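# take a look and give me a structure for this.
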Amino acid sequence: MSTADRPNGAPQGRASLKEAVLSMDLLLLGVTLLLMGIGLMMVLSASGIMAEKFFGDKYHFFHRQILFAVAGTALMATVALAPRKRIYSLKYLLLFGVVFTLLAVLVTPLGLEINGARRWLKLGPFSLQPMEFAKVALVVYLAWFFSRKQELVKSFSVGVVPPFLVTGLMCLLLLLQPDFGGAAVLAMLLFLMCLAGGTRLVYLLLSLCLAGGGAWLLIVQSPYRSRRLLAFMDPFKDALDTGYQLVQSLYALGSGRIWGAGLGMGKQKLFFLPEAHNDFIMAVLGEELGFAGMVLVFAIVGVLLWRCFVITLRQEDLCDRLTAFGMTLILGLGAILNMAVVLGTAPPKGVPMPFLSYGGSHVLCAFLCVGLLLNLSRTAGGRNTAQGRAA
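From the prediction side, this is the model:
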């Protein structure tokens with residue numbers, strides 16, 4: 001009996017495990033591991049100087065990133081081989097867990113404040129950013145909700161109220177941290193999932209107008225956000241203050257030219273470019289590997305997203321299709337928004353580059369998304385329609 005024929009899709013025995021692995025989208029797995037490898041290389045290059053100055057060990061961030069990568073790979077493998085029905089049954093537990101941790105960040109001593117924002121939970125030598133896992137929890141819930149409420153999704157009371165209330169609660173907790181960008185990402189996920197799930201377009205357009213108006217009020221009433229928006233529009237006008245990070249990013253990209261200065265030879269990471277190993281790691285990559293390196297990474301990300309969309313389109317069960325679509329959105333929005341900020345085509349916002357930027361929470365979240373997609377790829381294209389529906 002093959003893995004696909006088992007009621008829960010759970011592999012049993014070595015032969016079945018081999019069948020399960022071979023039935024996955026191995027190209028998606030390959031490009032994921034390739035991106036993670038490039039990320040480890042760039043974290044080592046971008047963080048060595050800072051790590052040596054502040055921790056006395058130039059491999060401090062690199063060693064931690066390896067640990068995150070190993071943990072993420074184990075998480076990806078576990079999710080990829082787990083029974084899908086069991087994963088979907090955790091939807092409410094994931095939601096409650098995310099809301100609890102978002103509250104814990106704000107009201108408990110475990111909340112860690114950095115640069116005036118409380119967005120992390122301090123867990124011993126590590127920290128957890130609940131917002132990363134909020135994206136996954138929201139997508140799993142919305143996929144289940146829209147797949148089960150298709151006959152009522154066109155109504156306002158069903159197609160709008162429940163998903164907007166759940167997302168609104170998370171966004172409110174994020175705004176209290178404050179994390180305006182994180183709330184905006186959740187709002188984008190909600191809008192696109194509602195669009196795919198069948199919510200009436202008129203409700204979505206009205207919500208888009210209201211959200212745009214609310215975002216504008218939050219910006220104009222906050223001097224900090226207003227200055228960041230003005231700096232994005234003309235970063236060189238205030239190049240030593242609000243526009244500093246974007247200006248340094250553009251300097252790094254410009255100095256890389258076609259082939260780059262060489263791996264490890266970049267200068268902007270020498271305390272000129274803030275967050276060089278985090279959100280702006282693509283600027284370091286552009287400086288050291290040049291336009292050619294940027295094109296290579298863009299191409300790899302393009303292949304990853306292509307395989308994600310192929311898996312999505314091949315799902316016959318609606319819940320599976322919406323889940324795959326949501327996981328693709330998390331990875332795609334993360335990559336697009338990060339590159340847009342680094343290139344100066346979007347306002348500055350702390351969005352990490354999937355698999356490349358340093359950080360445990362977003363690495364685990366990215367591997368979790370790929371793990372779910374690999375799980376779904378095992379039954380893509382009608383190889384096991386019955387099992388997909390049962391799960």
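# could you pull out the strands in this protein for me?
Listed in chain order, the strands of the chain (DSSP state E) span 111-114, 117-123, 126-128.
# which stretch among these comes nearest Gly56?
Within the strands of the chain, the stretch nearest Gly56 is strand 126-128; the backing value is 19.1 Å (C-beta to C-beta). For the C-beta atoms, the positions are set from N, CA and C on the backbone; glycine is no exception.
# how far does that closest one sit from its chain's centre?
Relative to its chain's centre, strand 126-128 lies at 17 Å (C-alpha atoms, centre = their mean, to the nearest Å).
# who touches it?
Outside strand 126-128, the residues that touch it by C-beta atoms under 8 Å, 6 or more residues apart in numbering are 101, 112, 120-121, 360-361.
# recalculate using a threshold of 6 Å.
Here strand 126-128 makes contact (C-beta atoms under 6 Å, 6 or more residues apart in numbering) with 112, 120-121, 361.
# could you do stretch 149-160 as well?
With contact meaning C-beta under 6 Å, 6+ apart, stretch 149-160 is reached by 198-200, 203.
# weed out the non-buried ones from those residues.
Taking 16 or more other C-beta atoms under 10 Å as the criterion, what is buried in the contacts of stretch 149-160 is 198-199, 203.
# these in helices, which ones?
Those of the buried ones among the contacts of stretch 149-160 mapping onto helices are Tyr203, per DSSP state H.
# how close does Gly286 sit to Ile87?
37 Å (C-beta to C-beta, to the nearest Å).
# okay, the two: which has more neighbours?
Gly286 (28 against 17; other C-beta atoms under 10 Å).
# contacting residues around Met36?
69, 355.
# whoops, Met327 was the one
If you count contacts by C-beta under 6 Å, 6+ apart, Met327 has them with 369, 372-373.
# again with Ser147
By C-beta under 6 Å, 6+ apart, the contact set of Ser147 is 318-319, 322.
# and the pLDDT for the nearest residue to Pro163 once chain neighbours are set aside?
Residue nearest to Pro163 in three dimensions, not counting chain neighbours: Leu142, with 5.7 Å by C-beta to C-beta, 6 or more residues apart in numbering. Here, the pLDDT recorded for Leu142 equals 96.
# and Leu165, by the same measure?
At Leu165, the model reports a pLDDT of 95.
# that one: how many residues sit nearby?
Neighbours of Leu165 using other C-beta under 10 Å come to 9.
# now do the one 4 residues further on
For Leu169, the tally of surrounding residues (other C-beta under 10 Å) stands at 14.
# please report how far the closest residue to it other than its chain neighbours lies from Met131.
Sequence neighbours aside, Val99 is the residue nearest to Leu169 in space, at 6.6 Å (criterion: C-beta to C-beta, 6+ apart). Separation of Val99 from Met131 (C-beta to C-beta): 12 Å.
# more neighbours: those two, which one.
Per other C-beta under 10 Å, whichever of Val99 and Met131 has more neighbours is Met131, with 27 against 17.
# hang on, isn't the more buried one packed against Ala184?
No - counting by C-beta atoms under 6 Å, Met131 sits too far from Ala184 to count as a contact (11.2 Å).
# give me the neighbour count for the residue nearest to Val342 when sequence neighbours are not counted.
Closest residue in space to Val342, ignoring its immediate chain neighbours: Met282 at 4.6 Å, by C-beta to C-beta, 6+ apart. Neighbours of Met282 under the rule other C-beta under 10 Å: 25.
# give the burial count for the closest residue to Ala134 other than its chain neighbours, as a bare number.
Ranked by C-beta to C-beta, 6+ apart and with sequence neighbours excluded, the top spatial neighbour of Ala134 is Val98, at 4.6 Å. For Val98, the neighbour count with other C-beta under 10 Å is 23.
# relative to Thr167, how far out is Val98?
In this structure, Val98 and Thr167 are 11 Å apart, going by C-beta to C-beta.
# swap in Phe133?
Shown here: Phe133 relative to Thr167, a distance of 15 Å by C-beta to C-beta.
# repeat for Leu364
Distance of Leu364 to Thr167, computed by C-beta to C-beta: 22 Å.
# then Ala215?
Going from Ala215 to Thr167 by C-beta to C-beta gives 14 Å.
# which of those two has more neighbours?
Legend: neighbour count by other C-beta under 10 Å for Ala215 and Thr167, higher for Thr167 (22 against 15).
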